[in-house]
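Peer 1: show me how the following folds:
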Amino acid sequence: MTDREFFVMLNGAYPQVPYAPKRGSNYIDLPNSVYDKAEGQRVLERQLRTFVSLEELGYDGGVVSEQHNGPIGLLGNPMLAGAYVAAQTKSIKIGVVGPIINGYLTPLRMAEEYAALDIMSRGRLLLGLPMGHGMQYHSIGAVNPATARARYREAHDLFIKALTHDGPFEWFGEFYQIPYVNLWPRPLQDKPDIVILGGGSQETLEMVAKQRYGYQAVGALSQDAMWKAADKLRRLCEAEGYTAAPKQVWSMVSVHVAETDEQARLEAEAHSLWTSQNFFLSPFHDNFPPAYLTAGSMRGVLGGGYRSESTDKSTFDRAIENGTLIVGSPETVLKQMEAMLERVGPGRVLLDPMADTKPEWLANKTLQLFAEEVLPKLRQSTKKGPETQGFNSLAEYGAKRGETPAPLVTFGDGLVNAQTAHVAEARTVIEPWSPKA
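Peer 2: Residues are numbered from 1 along each chain as shown. As a prediction, the model looks like this:
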């Protein structure tokens, strides 16, 4: 076991969409006539297949999210993916960001789904409880943005009480009036493992500190923004009378690993730019419908939070400089990851492999190289588990293997490592060699 945990974000985006200048929003009104059934099946099956593979690679878990009315993601309810992964895995945590509680007529329906999935996964469920970004309020059609936050808070309180208290009990609030709250089945976890994703608003951070939840700053433009959110959360936890647990602080970073820095840039640059300059680009009024933001939320946005700047302004080099994108050889990625962990101090790290436009083999390459060459060196091994023979994942392999000689081949006048010789920049001579006659 380790103190710090590493999760992988699997967006599951549908990539075959018109280029941004040739369309409107990518979230709300992109005609579904551009959707191809075969491509959609490929995207969804790949997302699930990758999620299941994370256990063998040695990550602590994966995360999928709820999306509506567009190609940003094909899961209208991420608990469906969670049920699939629960049946295919044994140990990794299953992160579902959503369902969006405001999209339910009653939060008790969501509580029933959560409890069933927690049982299916044998207590491995990690729940993200987003209020839902503004675009989803255009498309769900169930909630007035002006009352969305008040409704969310009441739904949250009822949801948690239903999961954690004996029933039946009465609930008569502003939005929900239920004479018999009596949850069947009940979840395995006594207290749900919850992370809140937010744009930096004071009221959200206060709620997280009070409830002792995890917090992930969405759309942070730099490591400085990550640190500010983490620092504010820690201070609010102190005000509540306790020290924030490591797992309450989350940090998300996009990552790509290859054999050399040059190769990594060559492989990653176009996919990073596609995400920022095309896919996540949307008009301001789509993000924030009237009355969606409170004064506190607006201050959080203006202070560098979610959608405070158009995504198409982000360049590849700027993202690397700001520390929200880490690209390079295993050595480079390790060094930059260590710097981020030292700066922000998260107990949980969410890695985005930018997989949506990558060929599957290229996305798998990043996940495997990170698992084998980087992850073992980032673990905080404060507890020693039972002795086992062999290894159970690539991350464990990377931690257990000793120094072994490289498999060598002759190229010209020198010996070269055969395992990296497929990359021109990595085909360096380890030692001179002249074959004997």
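Peer 1: just give the nearest non-adjacent residue to Tyr19, would you?
Peer 2: Nearest residue to Tyr19, sequence neighbours excluded (CB to CB, 6 or more residues apart in numbering): Asn278, at 6.0 Å. C-beta here means a position set from N, CA and C on the backbone, and glycine is covered the same way.
Peer 1: how about low-confidence regions in the stretch 301-437 of the chain?
Peer 2: Applying pLDDT under 70 to the stretch 301-437 of the chain flags residues 301-314, 380-389, 435-437.
Peer 1: swap in 50 and give it another go.
Peer 2: The model of the stretch 301-437 of the chain has pLDDT under 50 over residues 382-386, 437.
Peer 1: what ranges do the strands span in it?
Peer 2: 325-328, 348-352, 408-411, 414-417, 431-432 (DSSP state E, counting those that start in this stretch).
Peer 1: tell me which strands the shortest one pairs with, and in which orientation.
Peer 2: Read it as strand 431-432. Each strand paired with strand 431-432, and its direction, by DSSP bridges: strand 414-417 (antiparallel).
Peer 1: on that earlier part again, which one of the strands of the stretch 301-437 of the chain lies closest to Thr106?
Peer 2: The closest of the strands of the stretch 301-437 of the chain to Thr106 is strand 348-352. By CB to CB, the value is 30.1 Å.
Peer 1: sheet partners, orientation included, of the closest one?
Peer 2: Strand pairing for strand 348-352, determined by DSSP bridges: strand 5-9 (parallel), strand 250-257 (parallel).
Peer 1: quick one: name whatever helix or strand follows the shortest one.
Peer 2: Spelled out, that is strand 5-9. helix 37-57 (DSSP states H and E).
Peer 1: next, the angle strand 5-9 makes with that following helix.
Peer 2: 170 degrees (axes from the mean of the first three to the mean of the last three CA atoms, to 10 degrees).
Peer 1: show me what helix 37-57 is packed against.
Peer 2: Counting by 3 or more CB pairs under 8 Å, 6 or more residues apart in numbering; DSSP states H and E, the packing neighbours recorded for helix 37-57 are strand 61-65, helix 79-88, helix 360-369, helix 394-400.
Peer 1: for these, which one ends up most surrounded?
Peer 2: Comparing the helices and strands packed on helix 37-57 by mean neighbour count (mean count of other CB atoms under 10 Å), strand 61-65 ranks first with a mean of 25.
Peer 1: what comes into contact with that one?
Peer 2: Applying CB atoms under 8 Å, 6 or more residues apart in numbering, the contact partners of strand 61-65 are 5, 7-12, 47, 50-51, 54, 73, 75, 78, 81-82, 85, 92-98, 124, 126, 128, 130, 350.
Peer 1: export it as CSV, just CAs?
Peer 2: Written as CSV, here are the backbone C-alpha positions of strand 61-65 (Å, rounded to 0.1, in the frame of the first residue of the first chain):
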residue,chain,number,x,y,z
GLY,A,61,-7.8,3.2,-10.4
GLY,A,62,-9.5,4.7,-13.4
VAL,A,63,-12.0,7.5,-13.8
VAL,A,64,-14.8,8.0,-16.3
SER,A,65,-17.3,10.9,-16.5
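Peer 1: that one pairs with which strands, and in what direction?
Peer 2: With DSSP bridges as the test, strand 61-65 is paired with strand 5-9 (parallel), strand 93-97 (parallel).
Peer 1: most tightly surrounded among those?
Peer 2: Most buried among the strands paired with strand 61-65, given mean count of other CB under 10 Å as the contact rule, is strand 93-97, at a mean of 25.
Peer 1: so after it, what's the next helix or strand?
Peer 2: The first helix or strand that comes after strand 93-97 along the chain, using DSSP H and E, is helix 107-120.
Peer 1: run through who's touching that next one.
Peer 2: For helix 107-120, contacts defined as CB under 8 Å, 6+ apart pick out 77, 79, 82-83, 86-87, 94, 96, 99, 101, 104, 125, 127, 155-156, 158-159, 162-163, 176, 178, 181, 183-189, 192.
Peer 1: and stretch 50-68, what's buried?
Peer 2: 50-51, 53-55, 57-68 (16 or more other CB atoms under 10 Å).
Peer 1: what's the answer for stretch 176-189, then?
Peer 2: For stretch 176-189, a neighbour-count test (16+ other CB under 10 Å) marks 176, 178, 181, 183, 186-187, 189 as buried.
Peer 1: report the distance from that stretch to the chain centre.
Peer 2: Offset of stretch 176-189 from its chain centre (CA atoms, centre = their mean, to the nearest Å): 29 Å.
Peer 1: for that stretch, give the mean pLDDT please.
Peer 2: Averaging pLDDT along stretch 176-189 gives 97.
Peer 1: do stretch 202-222 as well
Peer 2: What stretch 202-222 shows for mean pLDDT is 91.
Peer 1: put the alpha carbons of that stretch into PDB.
Peer 2: Provided in PDB are the C-alpha atoms of stretch 202-222 (Å, rounded to 0.1, in the frame of the first residue of the first chain):
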ATOM      1  CA  GLN A 202     -15.100  29.600  -2.100                       C
ATOM      2  CA  GLU A 203     -18.500  27.900  -1.300                       C
ATOM      3  CA  THR A 204     -17.500  24.700  -3.000                       C
ATOM      4  CA  LEU A 205     -14.200  24.500  -1.100                       C
ATOM      5  CA  GLU A 206     -16.000  25.200   2.200                       C
ATOM      6  CA  MET A 207     -18.300  22.300   1.500                       C
ATOM      7  CA  VAL A 208     -15.400  20.000   0.700                       C
ATOM      8  CA  ALA A 209     -13.600  20.900   3.900                       C
ATOM      9  CA  LYS A 210     -16.800  20.500   6.000                       C
ATOM     10  CA  GLN A 211     -17.600  17.100   4.500                       C
ATOM     11  CA  ARG A 212     -13.900  15.900   4.400                       C
ATOM     12  CA  TYR A 213     -14.200  15.100   0.700                       C
ATOM     13  CA  GLY A 214     -11.500  15.200  -2.000                       C
ATOM     14  CA  TYR A 215     -11.200  18.100  -4.300                       C
ATOM     15  CA  GLN A 216     -10.000  18.300  -7.900                       C
ATOM     16  CA  ALA A 217      -9.600  21.800  -9.400                       C
ATOM     17  CA  VAL A 218     -11.100  21.600 -12.900                       C
ATOM     18  CA  GLY A 219      -9.400  23.500 -15.700                       C
ATOM     19  CA  ALA A 220      -6.500  24.700 -13.600                       C
ATOM     20  CA  LEU A 221      -4.200  26.700 -16.000                       C
ATOM     21  CA  SER A 222      -1.000  26.100 -14.100                       C
END
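Peer 1: how about that stretch: buried residues?
Peer 2: For stretch 202-222, by 16+ other CB under 10 Å, it's 202, 204-209, 211, 213-221.
Peer 1: same question for stretch 188-201.
Peer 2: Buried-residue list, stretch 188-201, by 16+ other CB under 10 Å: 189, 192-201.
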